[in-house]
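> Take a look and give me a structure for this.
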Amino acid sequence: MSDEGWYIDPFGRHEARWISDGTPTSLVRDGAVESQDPPPSTPVEGALQRVSESPAADGNDLKRADDSETAGYDPDQLTDRASEAIDGIPGF
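Predicted coordinates for the structure are as follows:
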């Protein structure tokens with residue numbers, strides 16, 4: 001078995017688990033968050049299912065920091081809202 005890449009976690013503990021040379025590793029992924037979780041000692045049963053990867057974004061959805069005013073954002077208003085939110089947290 002020479003499977004390599006992201007596969008649906010065969011143990012059902014995470015969304016995906018990195019498989020290296022057909023062996024589950026401790027590298028796991030839930031959504032876009034990667035972490036470590038050693039695989040159980042039980043053997044993998046059944047066929048591995050490769051995770052379908054999303055195509056890479058072309059960057060059209062990114063905004064430049066210096067475009068914030070043209071995008072309708074008022075930095076002062078955002079600062080005020082952030083301050084109000086922090087003031088509403090007990091202990092601050």
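> and the residue nearest to Q49 when sequence neighbours are not counted, bridged to which residues?
The shortest distance from Q49 to any residue other than its chain neighbours is 4.5 Å, reached at I8 (Cβ to Cβ, 6 or more residues apart in numbering). Placement of C-beta: from N, CA and C, glycine included. With DSSP bridges as the criterion, I8 is bridged to A16.
> my read is L48 is in a strand, agree?
No. Under DSSP: H, G, I helix; E, B strand; the rest coil, L48 falls outside any strand and is assigned coil.
> so what's D30 closest to, chain neighbours aside?
E15 (4.9 Å).
> Run through who's touching the longest strand along the chain.
Assignment by DSSP state E gives strand 23-30 as the longest strand of the chain. Strand 23-30 has contacts (Cβ atoms under 8 Å, 6 or more residues apart in numbering) with 6, 9-11, 13-19, 34-39, 44.
> Look at E84 and tell me its secondary structure.
E84 ends up helix, using three-state DSSP.
> how about the strands in the chain?
So, for the chain - with DSSP E - the strands run 5-8, 16-20, 23-30, 33-36.
> buried stuff in the longest one?
Right, the one you point to is strand 23-30. Under the neighbour-count criterion of 16 or more other Cβ atoms under 10 Å, strand 23-30 has 24, 27-29 buried.
> Return the member of the residues you listed nearest to S83.
R29 (35.5 Å; Cβ to Cβ).
> who's that closest one bridged to?
Residues in beta-bridge contact with R29 (DSSP bridges): A16, E34.
> Check S20 too.
T23.
> where's it relative to S2, distance?
Separation of S20 from S2 (Cβ to Cβ, to the nearest Å): 10 Å.
> can you pull the pLDDT of the closest residue in space to Q36 that isn't next to it in sequence?
Once flanking residues are discounted, Q36 sits nearest to S26: 4.8 Å by Cβ to Cβ, 6+ apart. Note for S26: predicted pLDDT of 97.
> S2 now?
78.
> mind checking how far it is from V51?
Distance from S2 to V51, by Cβ to Cβ: 17 Å.
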